[in-house]
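Undergrad: Need coordinates for the following:
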Amino acid sequence: MTNLFSLDGKVVKNVDLPEAFNYPIRRDLIIRFTNAYQSNGRTPYGSYWFAGNRRVGHNMGPNHGISRYPRVSGSSRGVLLSNARGGRSAHHPVTAKDWSMKVNKKEKVQAKLSALSCTVSPEMVKQRGHKFTVESLPVILEDKFELIEKTSEATDVLENVGVFADIVRSKEGTKIRAGRGKSRGRKYVTPKSILFVVKDKSHISKALKNLPGVDIVRPEELNAYVLAPGGHPGRLLVMTEGALNDVRGWKI
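TA: Sure, this is the predicted structure:
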């Protein structure tokens, strides 16, 4: 049982949550799926296969008082080997490495339902770091919310229902990445905030896409990764009534 809020933040009525929100919590399946999701999204990388071998090296053979080491012709400079300056790498990364991980279909469904049931518990949502003042979770809004196209109107609704503080937390938590990625187009890291589940996101996405840390999905796009980013369950969830009815039609 949870509350259905109007855009003014007033309780319109009480609604029963679908059976999907009562699924047993399986953290092991959530972690298994999120690890596979991230691994399958990796881009293969590796060194050029001929790097360090684009030289001709000779050795004088035995009985010359010098080690039999491949060297530049007419010089004592070593080449080719991994302990030579400019030589090949001994154990370099290769693009042939397979990073993909397989997860069974039933485990994917169980991980999604388990992560969904974690969004009902205020303790787990607070433990994940989210900030809110609303008493019942998840937050259910009228379908009129999906027609909003202005960010100012969307933020007013979030303030009325008591979840806008999590957007502020995400904005204040944005920091510069501590690593090489600063120079590769991913300078900043932003904490995840609210997950919006709507039936039609053609209008509301214009209002929410610039808010820090938010994700906007339809019910059929839900999975354990968006519900529990990084394998940490208990994400703050905001749904519309139409999206909730779609979840009600799932076969458990």
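Undergrad: where exactly do the helices run in this protein?
TA: The residue ranges that make up the helices of the chain, judged by DSSP state H, are 27-40, 105-118, 122-127, 151-161, 164-172, 204-208, 224-227, 241-248.
Undergrad: average pLDDT for the shortest one?
TA: Within the predicted structure, the mean pLDDT of helix 224-227 is 97.
Undergrad: Also the fifth one?
TA: Taken as a whole, helix 164-172 has a mean pLDDT of 97.
Undergrad: what's the answer for the first one, then?
TA: Throughout helix 27-40, pLDDT has a mean value of 97.
Undergrad: cool, the second one as well?
TA: For helix 105-118, mean pLDDT is 97.
Undergrad: Which strands and helices lie in contact with it?
TA: Other helices and strands packing on helix 105-118, by 3 or more C-beta pairs under 8 Å, 6 or more residues apart in numbering; DSSP states H and E, are helix 27-40, helix 224-227. C-betas here are computed from N, CA, C, even on glycine.
Undergrad: Please identify the most buried of these.
TA: Each of the helices and strands packed on helix 105-118 was given a mean neighbour count from mean count of other C-beta atoms under 10 Å, and the largest, a mean of 24, is that of helix 224-227.
Undergrad: can you list contacts of it?
TA: Outside of helix 224-227, the residues within contact range by C-beta atoms under 8 Å, 6 or more residues apart in numbering are 29-30, 33-34, 37-38, 108, 111-112, 114-116, 118-119, 195, 215, 217, 233, 235, 237.
Undergrad: Do a quick rundown of the strands in the stretch 1-150 of the chain.
TA: For the stretch 1-150 of the chain, the strands identified by DSSP state E, counting those that start in this stretch occupy 2-5, 11-15, 139-141, in order along the chain.
Undergrad: Within the sheet, what are the partner strands of the longest one, with directions?
TA: Meaning strand 11-15. Partner strands and pairing direction for strand 11-15 (DSSP bridges) are strand 2-5 (antiparallel).
Undergrad: ok, and what's touching the partner strand?
TA: Here strand 2-5 makes contact (C-beta under 8 Å, 6+ apart) with 11-15, 17, 120, 135-142, 160-161, 241.
Undergrad: hmm, which of the residues you listed are the buried ones?
TA: Neighbour-count burial (16 or more other C-beta atoms under 10 Å) is assigned, among these, to 15, 17, 120, 136-142, 160-161, 241.
Undergrad: pLDDT check: weakest of the residues you listed?
TA: For pLDDT, the smallest value among the buried ones among the contacts of strand 2-5 belongs to residue 136: 91.
Undergrad: what residues are up against it?
TA: The neighbours of residue 136, taking C-beta under 8 Å, 6+ apart as the test, are 1-3.
Undergrad: Next, it: phi, psi?
TA: When read as degrees, to the nearest 10, the backbone of residue 136 gives phi -100, psi 140.
Undergrad: residues near the closest residue to residue 114 other than its chain neighbours, how many?
TA: Counting by C-beta to C-beta, 6 or more residues apart in numbering, residue 114 lies nearest to residue 26, which is 4.4 Å off, once chain neighbours are set aside. Burial measure for residue 26: 19 neighbouring residues, criterion other C-beta atoms under 10 Å.
Undergrad: And residue 26, how close does it get to residue 162?
TA: From residue 26 over to residue 162 the distance is 30 Å, taken as C-beta to C-beta, to the nearest Å.
Undergrad: Tally up the residues packed near the residue nearest to residue 19 when sequence neighbours are not counted, please.
TA: Counting by C-beta to C-beta, 6+ apart, the nearest residue to residue 19 once its immediate chain neighbours are dropped is residue 252, at 5.1 Å. When neighbours are defined as other C-beta under 10 Å, residue 252 has 9 of them.
Undergrad: what do you get for residue 193?
TA: Residues lying near residue 193 (other C-beta under 10 Å) number 26.
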